[in-house]
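Engineer: missing the sequence, but the structure's below:
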C-alpha cells in the first residue's frame, strides 16, 4: 500500500469550535463527508465547510442519515424503505444544490451514524440505501464499513464502494464498532491509536477481544466531534509517513 484516503465527517453544527477544528483538519484530509442538514448542520455551517474543502481541494461527499435530528442520527429507527429512500434523496439534493453553488461537485455518499452501522449488517437495508444513491446519481461512490455487506451490495448494483476503517473507534468484531455508551468505545491512548493505524496499513483490524480480522480499508476516518481529533490527525499523518503511505483520495 502506498496511498490511503483520509476523511472526516464535517459540517456538523453540534460540534463545539467546529470552524477552528475544520480549519485545522482540511489540510490533512483528502475527502470529507458533509452533513445534509437533517441529523445536524445548517446552510451557514455547511457553506463554510464547503468553502474550506474547495480551498484545500478535498473531495466532497454527502453524509445523510436517518431523519432523526433529535438524537443526531445516532439511534436506529423504524422507517418504511420508500420513506427512507425519499429522505436520503432529499438530503442529497439539499447538499448538492449548495455544492453546485460553490462551483464544485459531489464525489460520494457516506451514510451517517446508526444508518451506517445498521446497513453494515443488514443486506436489505444496504440495498435500499445504495439503490437510493444510484437512482440519485449513479456516478457517486458509497463509503461503508470495510468488510461489511455494503461491499457486496455495491458490487451487485454496479456502484463503486470505498471500504472505510476508523482510527479512533474500538471494534466489537470485524464489522461492528463498540457502542459509544460502552467504556473504551473511543480509543484515547496514543499507542493504541498508532497500533490501529498500522494494522489498517497492513490490511488488518483487531477487535476488543484481540481477535485479528484480515480486512482491507481504502479510507481512514477521523471524527470531527472527537475531543482529540486534531491530536489524532497529527498521529495519523505521522504514522502514515513512517509507513511510507501518502494521503490521497480513492479514485
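Structural biologist: Yes, it's here. Predicted model, so just to flag it, every value in this text is computed and none were measured.
Engineer: Now do the helices in the stretch 51-200 of the chain.
Structural biologist: In the stretch 51-200 of the chain, the segments counted as helices under DSSP state H, counting those that start in this stretch are 81-101, 113-121, 123-136, 149-157, 190-201.
Engineer: isn't residue 205 right up against residue 165?
Structural biologist: Yes: assessed by CB atoms under 8 Å, residue 205 is found in contact with residue 165 at 6.4 Å. Yep, even glycine has a C-beta here, placed from its N, CA and C like the rest.
Engineer: picking up where we left off before, adding mean neighbour count, mean pLDDT and distance to residue 18, write the helices of the stretch 51-200 of the chain out as CSV.
Structural biologist: Output for these, formatted as CSV (neighbours: other CB atoms under 10 Å; pLDDT from 0 to 100; distance: least, CB to CB, whole Å):
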stretch, mean neighbour count, mean pLDDT, distance to residue 18
helix 81-101, 17, 98, 16
helix 113-121, 21, 96, 17
helix 123-136, 19, 98, 26
helix 149-157, 19, 98, 28
helix 190-201, 18, 97, 22
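Engineer: could the ones you listed go into JSON lines alongside distance to residue 67?
Structural biologist: Shown next, in JSON lines, are the helices of the stretch 51-200 of the chain (distance: least, CB to CB, whole Å):
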{"stretch": "helix 81-101", "distance to residue 67": "5"}
{"stretch": "helix 113-121", "distance to residue 67": "10"}
{"stretch": "helix 123-136", "distance to residue 67": "13"}
{"stretch": "helix 149-157", "distance to residue 67": "20"}
{"stretch": "helix 190-201", "distance to residue 67": "32"}
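Engineer: Ok, which of those helices comes nearest residue 68?
Structural biologist: Each of these has some distance to residue 68 by CB to CB; the shortest is helix 113-121, at 7.9 Å.
Engineer: what do residue 205 and residue 165 both touch?
Structural biologist: Common contact partners of residue 205 and residue 165 (CB atoms under 8 Å, 6 or more residues apart in numbering): 146, 215, 217.
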